[in-house]
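Participant: Quick one: sequence and predicted model below, then my questions.
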Amino acid sequence: MTRFLLMAATVIIACVLCSKVSSKLGVPTLLAFILLGMFFGSDGLVKIPFDNYLLA
């Protein structure tokens, strides 16, 4: 449970920071969120599993 909350907090903080940075650089926010999804996804570096359909 603690790991789940820590992972969720990390994703939310990354989204907020990415939104701030993308607005300053002029990068579309949608592109920034797609890149974050690729980073945190099951094939990315963090490898969050999406096999549990109830959790996902």
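Facilitator: Received it, and whenever you're ready, just let me know what you need.
Participant: how far away is Leu5 from Val11?
Facilitator: 11 Å (C-beta to C-beta, to the nearest Å). In short, each C-beta sits where N, CA and C put it, glycine included.
Participant: neighbours around Leu36, how many?
Facilitator: Other residues within reach of Leu36, judged by other C-beta atoms under 10 Å, total 18.
Participant: Pretty sure Leu17 is one of the things it touches, is it not?
Facilitator: No. The criterion here is C-beta atoms under 8 Å, and Leu36 misses it with Leu17 at 9.7 Å.
Participant: In the lowest-mean-pLDDT helix or strand in the chain, which residues are buried?
Facilitator: Every helix and strand in the chain was compared by mean pLDDT, DSSP states H and E; the lowest is helix 29-40, with a mean of 84. Along helix 29-40, these residues count as buried under the neighbour rule (16 or more other C-beta atoms under 10 Å): Ala32, Leu36, Phe40.
Participant: Ok, stretch 10-29 next?
Facilitator: Within stretch 10-29, the residues that qualify as buried by neighbour count (16+ other C-beta under 10 Å) are Val11, Ala14, Cys15, Cys18, Ser22.
Participant: What is the nearest of the residues you listed to Pro28?
Facilitator: Within the buried residues of stretch 10-29, distances to Pro28 taken as C-beta to C-beta reach their minimum at Ser22, with 7.1 Å.
Participant: does the closest one really touch Ala32, like I thought?
Facilitator: Yes. The pair formed by Ser22 and Ala32 meets the contact definition of C-beta under 8 Å, at 4.1 Å.
Participant: the helices in the protein, which residues?
Facilitator: Along the chain, the segments classed as helices by DSSP state H run 2-25, 29-40.
Participant: Tabulate the ones you listed (CSV), appending distance to Tyr53.
Facilitator: Formatted as CSV, the helices of the chain follow (distance: least, C-beta to C-beta, whole Å):
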stretch, distance to Tyr53
helix 2-25, 16
helix 29-40, 17
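Participant: so which of those gets nearest Phe50?
Facilitator: Nearest to Phe50 among the helices of the chain is helix 29-40; the distance by C-beta to C-beta comes to 10.4 Å.
Participant: Touching the least confident helix or strand of the chain from outside, list them.
Facilitator: For helix 29-40, contacts defined as C-beta atoms under 8 Å, 6 or more residues apart in numbering pick out Val11, Ala14, Cys15, Cys18, Ser19, Val21, Ser22, Ser23, Gly44, Leu45, Val46, Ile48.
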